[in-house]
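Chemist: here's my sequence, what's the structure:
(3 chains)
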Amino acid sequence: MPELNPHQKTAVHYINGSLLILAGAGSGKTSVITHKIAWLIREFGVAPHHITAVTFNNKAAREMKTRVADLLNSQNTKGVTISTFHALGLNILQNSLKEVGYSSSFSIYDAEDSQALVAKLLRVDHPDAANNLAQEVQKQISHWKKRLVKPEQPPNKSESIRDIAALIYNKYEQRLLAYNAMDFDDLILKPVRLFQDFPNTLAIWRKRIHYLLVDDYQDANACQHELVKLLMGKRGVLTVAADDDQSICAEQGAQPENLRHLQQDFPNLKVVKLEQNYRSTGRILKAANALIANNSHVFEKTLWSDRSYGDPVRVLKTRSEEHEAERVVSELVYHKFKHGTDFRDYAILFRNHSQVRLLERVLCERRIPYFLSGAASFFDKTEIKDIMAYLRLLCNPNDDNAFLRVINTPRREVSPETLEQLSRHASELGASLLRASLDTGLERYLSAKQAAGLRVFTQWLANTIEQANKEDPIKVVCDMLADLHYEDWLKDTCNDQKIAEQKMKNILDLVAWLQRLATQQNGEKTLSRLVASLSLIGLLEKNSEDNPGDYVSLMTLHSTKGQEFPHVFIIGMEEDLLPYQTNLDEKGVEEERRLAYVGITRARETLTFSLAERRKRGGEIVACKPSRFLSELPQDDLEWIDQESRDHLNDVLGRGDGYLANLRAMLDNNN
DNA sequence: TGGGGTGATATTTTT
DNA sequence: TATCACCCCA
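Modeler: Below is the predicted model:
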């Protein structure tokens, strides 16, 4: 670790009050946070358990953990809490279940689970449109929760999404409570309510957390901000690292205004700016600064670098989107060939996923290995969701959503009519589906055959639940998989055996993950604790983190945050694409500009933009104008390369000498 | 149970 | 216009 610069030192050593570290891209803000944790423990003898550090995703939390452990030579790190916001919320809730009104084994619903519940509720009033509306309604409800507001009840029935959502909001909340389930937003919202309603509980937590450190605070939503405020009270010492120019999660409810609120809520807030960038060449930084100067700011800052000025920023003008893909890949290959770099040194960034298809095709044709991140996550895979539903049901017999998901996977010949009767009986009893199906009164509704089919399943489930309460969680899971003959079922249902194998492998990964959690986790190791932690871990990170081989990275501008590459291409620099057409009000353009800014500041050595003159859009080929952002860059540092000038690959091929053979050999080596 | 036909949708995404 | 998800029919 290199020496800290004076500003970084100030931020690390200031511990008498709350601090905002206003940190530009690549200025080492995360390392300031980690150094501060080490400093508190080593120099001030702060007990590790009085320190809590919070991030917004698992990857960041994990990285912070290892960096702190490195600094402290793994001594003393044990009591430090480093987790995501949601994991912290979960932890708070698990210690106050009675006050919150949940029992210990509550389920955690992801967006898809919530959506299924919303759809179910919508079906009452909108039988035909329920599935189509569910996603938007779920988003609206989530949005309210993130903003910490309750919906206004609409005066009369209306057809707008907002009003529909407002009408089912309460039902949705009641149903979650009845299922003993929470959605992701509840993991933040419920702790806030808990602290508001139970001052004694809040006092316990305030006594515990003396130093709270939050990274990437520009991503916080109103609810998370409120939680921080409550936890800190008057005496807590808050350290926050933020860059309002990298706030690109408006969709997630993040608000750049949070930084202003921070100043209001913590009147003695000290502000330290980190403006030295250790990542990019001078020219790239100059471009980034010039661009972002067009946005309004709460705090002004200007990044500088003592690295060399570097190559000009290039702009490739191309005829069409196909031509653009070809040109970008050619440039990339040529550059790699010329400089002897690795494929992993390159990233191609774009605004939306639709742009990736053509690129993939060209890369495939040229046999260039690439790594597309942001594809479907591990936990979105059906087999994983199935098994997770089983596990949730084992912990929480009230989880009707899980019951419904599980009942016919594998096939158990339980018909929709049977389920309808069952749910009628359940609501009469005021019990969950699982409890109702164990009730003897059920025979009144069902034929002997129907009842028997159901009973076999529910008996088995009841036994497994009993076993789960006594035995080692891992053993229970393995036994369950065997009982289900899940592997056979996969093989039967997938027409491609390779896919079946892959799915089974995913499930074994899940079990392995569970096992790792069981050995790591201190304290209780009950199945429900394990399942709750598991619900918060995207195993996606495992895949995206170790990009193990030598691949060109393809990703959206949004998903690049926290990463850097020697050579960056940003494609589709056109009006209506970046900035995107539906985001053109003043605030929207600022958000899009930040997106471009984030992309630019990922680059260390070279930066290349590309744009096409024509592009297919909704089936029609339309002419495209260069992005306004290009005209906001310092023109002297741009090198425009239009379609008429050299095409490097043809250049190389045209020479017909050893270059070609070398190129071929190089390409072949990578296959 | 799987495939084909139909209709809706076309931004970004973390837990 | 292209894809995807879902539903229905064979």
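
Chemist: low-confidence ranges in chain A?
Modeler: Along chain A, the parts satisfying pLDDT under 70 run over A:1-2, A:74-76, A:154-159, A:374-380, A:494-497, A:499, A:521-524, A:538-548, A:643-671.

Chemist: can you name the residue of it nearest to DNA strand B?
Modeler: Closest approach between chain A and DNA strand B, counting by Cβ to the nearest atom of the strand: A:Asn57, at 2.7 Å. Where you see a C-beta, it was placed from the backbone N, CA and C, and this is true even at glycine.

Chemist: gap between that residue and A:Lys587?
Modeler: Using Cβ to Cβ, to the nearest Å, one obtains 25 Å as the distance from A:Asn57 to A:Lys587.

Chemist: how many neighbours does the nearest residue to A:Thr601 once chain neighbours are set aside have?
Modeler: Leaving aside its sequence neighbours, A:Thr601 sits nearest to A:Ala25 (Cβ to Cβ, 6 or more residues apart in numbering; 3.7 Å). Counted by other Cβ atoms under 10 Å, the residues lying close to A:Ala25 total 23.

Chemist: how about A:Ala25, what does it touch?
Modeler: Listed by Cβ atoms under 8 Å, 6 or more residues apart in numbering, the contact set of A:Ala25 reads A:243, A:245-246, A:277, A:279, A:288, A:303, A:597-598, A:601.

Chemist: who's more crowded, A:Asn57 and A:Lys587?
Modeler: A:Asn57 (18 against 12).

Chemist: hey, what's the nearest residue to that one once chain neighbours are set aside bridged with?
Modeler: In space, and not counting its chain neighbours, A:Asn57 is closest to A:Thr84: 6.2 Å by Cβ to Cβ, 6+ apart. On the basis of DSSP bridges, A:Thr84 is bridged to A:Thr55.

Chemist: look up how far A:Asp215 lies from A:Thr84.
Modeler: A:Thr84 is 11 Å from A:Asp215, by Cβ to Cβ.

Chemist: neighbour-wise, give me the winner out of the contacts of A:Ala25.
Modeler: A:Thr601 (29 neighbours).

Chemist: I'd guessed it sits against A:Gly26; true?
Modeler: Yes: the criterion here is Cβ atoms under 8 Å, and A:Thr601 meets it with A:Gly26 at 6.3 Å.

Chemist: ok, longest strand in chain A?
Modeler: Assignment by DSSP state E gives strand A:603-617 as the longest strand of chain A.

Chemist: who touches the very next helix or strand once past that one?
Modeler: Using DSSP states H and E, the helix or strand that follows strand A:603-617 in sequence is strand A:620-623. With Cβ under 8 Å, 6+ apart as the test, strand A:620-623 has contacts from A:613-616.

Chemist: please redo it, this time with the cut-off set to 6 Å
Modeler: A:Arg614 (Cβ atoms under 6 Å, 6 or more residues apart in numbering).

Chemist: list the neighbouring strands of that strand plus their orientation.
Modeler: Partners of strand A:620-623 in its sheet, by DSSP bridges: strand A:603-617 (antiparallel).

Chemist: measure A:Pro531 to DNA strand C for me?
Modeler: If you look again at residue A:531, you'll see it is Val, not Pro. From A:Val531 across to DNA strand C, the span is 25 Å (Cβ to the nearest atom of the strand, to the nearest Å).

Chemist: got a list of what that residue touches?
Modeler: A:391, A:395.

Chemist: quick check: phi and psi at it.
Modeler: Dihedral angles of A:Val531 (phi, psi; degrees, to the nearest 10) stand at phi -70, psi -40.

Chemist: which other helices and strands contact the helix or strand harbouring A:Gln174?
Modeler: Per DSSP H and E, A:Gln174 falls inside helix A:161-178. Applying 3 or more Cβ pairs under 6 Å, 6 or more residues apart in numbering; DSSP states H and E, one finds that helix A:161-178 makes contact with helix A:130-147.

Chemist: tally of neighbours for the residue nearest to A:Arg361 when sequence neighbours are not counted?
Modeler: Leaving aside its sequence neighbours, A:Arg361 sits nearest to A:Ala325 (Cβ to Cβ, 6+ apart; 7.3 Å). Neighbours of A:Ala325 under the rule other Cβ under 10 Å: 25.

Chemist: go on, A:Pro397?
Modeler: 22.

Chemist: what sits against it?
Modeler: Per Cβ under 6 Å, 6+ apart, neighbours of A:Pro397: A:432, A:434.

Chemist: backbone dihedrals for it, please?
Modeler: phi -60, psi -10.

Chemist: what about it, distance to A:Phe403?
Modeler: Counting by Cβ to Cβ - A:Pro397 and A:Phe403 are separated by 8 Å.

Chemist: shared neighbours of the two, anything?
Modeler: A:Leu434.

Chemist: quick check: phi and psi at the closest residue to A:Val598 other than its chain neighbours.
Modeler: Nearest non-adjacent residue to A:Val598, counting by Cβ to Cβ, 6+ apart: A:Gln246, 5.4 Å away. A:Gln246 adopts backbone torsions of phi -110, psi 20, taken as degrees, to the nearest 10.

Chemist: now for the helix or strand following the helix holding A:Gln174, which elements pack on it?
Modeler: Using DSSP H and E, the helix or strand that follows helix A:161-178 in sequence is strand A:181-183. Identification of packing neighbours for strand A:181-183 by 3+ Cβ pairs under 6 Å, 6+ apart yields strand A:107-109.

Chemist: run the last query once more with 10 Å
Modeler: In terms of contacts (3 or more Cβ pairs under 10 Å, 6 or more residues apart in numbering; DSSP states H and E), strand A:181-183 is packed against helix A:85-94, strand A:107-109, helix A:111-122, helix A:130-147, helix A:161-178, helix A:186-197, helix A:400-406.
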